[in-house]
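>>> Here's my sequence, what's the structure:
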Amino acid sequence: MPRLPRNVLFVLLVALLGACAANRTDAPVPDAWAEHRARLQALDDWEARGKLALLSPTGSDSAGIVWRQAGKDTEVRLSGPLGVAPTLLHADGEVLAIDRGGERQVLDLDDPGAVRAATGWAFPVTALPHWLKGVPDPRLPLSAFTLDEQTGLATGFTQSGWAVAYEAHGQFGAFSLPTRMVIRGDDARATVIVREWYPGPPRE
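Numbers count the residues shown, from 1 in each chain. Coordinates of the predicted model:
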C-alpha cells in the first residue's frame, strides 16, 4: 500500500474512527465529574468546527476541520491554506474512505497494520471522539488524570502513551465542551481548536 503524503497524515489521526462503547472507567471519581463524563459518553451525535495543527519531526501542517459524528458514522472535512487539497474522510466503524484530490483510498479499521503502513503513525484511532468531547476513552487504561475541582472538568490525562491536555472549555447548549486541546506523543503534537460545537444530530 503506498504511503500517503506527509501533509495529510494528521488527517488520518482524526479520521480513523470505529464504534465507541460507553463503558465505565474503573478509577473512582468525584460525583460532578462522573455525571459530566456519563452525559458526554452518551452524546453520540454532534458537529465540531475549528482548526487542527500537527507538529512532528518531519515538519508542521494545519487545516480547517469540520467533524460530524452520528453514532458510528463519521464524516470529517479538511481544508487548509498550505496547499492541502480539500479532503473528505468517512468512516462507518468498519472501513475508512479517504477522498482527496480526485483520489480515493480505503482502509480496513480492523487492520491496524494497514493504518500504520499507510501513515507511518501508531495512534489510538478509536479514542479521538472521546478525547474531542473532553473525556477519556473508557476502553483504554487511564493514568495521570487531573481534574479541575471548581468546574468538575478534566484538565488532562494519559492513555496509550499519549498525553491529552485541555486548555479551555466553552458552554454549548447544555454541554461544557473543549475549545482548545493538545495531544502529545513521543514525537508528535497535535493542537485542536474548536470554535463551534453543535451537540445533537448533524446539521444539513
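
>>> List the contacts of Thr87.
The contact partners of Thr87, taken as Cβ atoms under 8 Å, 6 or more residues apart in numbering, are 8, 11, 63, 76-79, 98-100. Bear in mind the C-beta positions are built from the backbone N, C-alpha and C, glycine included.

>>> And the residue nearest in space to the middle of the chain, how far from Ala91?
Centroid check for the chain by Cα atoms, centre = their mean gives Leu128 as the closest residue, at 2.9 Å. Going from Leu128 to Ala91 by Cβ to Cβ, to the nearest Å gives 11 Å.

>>> Equivalent analysis for Lys133, please.
For Lys133, the distance to Ala91 equals 17 Å [Cβ to Cβ].

>>> how many other residues sit next to Met181?
For Met181, the count of nearby residues is 20 (other Cβ atoms under 10 Å).

>>> List the contacts of the helix or strand where it lies.
Element membership for Met181 (DSSP states H and E) is strand 175-184. Strand 175-184 is contacted from outside by 36, 39-40, 43, 48, 50, 131-134, 151, 153, 162-170, 189-195, 197, 199, using Cβ under 8 Å, 6+ apart.

>>> List the buried residues of the lengthiest helix in the chain.
Assignment by DSSP state H gives helix 31-41 as the longest helix of the chain. Across helix 31-41, burial judged by 16 or more other Cβ atoms under 10 Å covers 33, 36-37, 40-41.

>>> ok, now stretch 172-187?
Neighbour counts over stretch 172-187 (16+ other Cβ under 10 Å) mark 172, 175-185 as buried.

>>> Over to stretch 59-69?
By 16+ other Cβ under 10 Å, the buried positions in stretch 59-69 come out as 61-69.

>>> So which of those sit within strands?
Those of the buried residues of stretch 59-69 mapping onto strands are 61-69, per DSSP state E.

>>> ok so, going back, now a PyMOL select for only the buried ones of the contacts of strand 175-184.
Applying 16+ other Cβ under 10 Å to the contacts of strand 175-184, the buried members can be selected in PyMOL as follows:
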select buried, resi 36+40+43+48+50+131+132+133+134+153+162+164+165+166+169+190+191+192+193+194+197+199
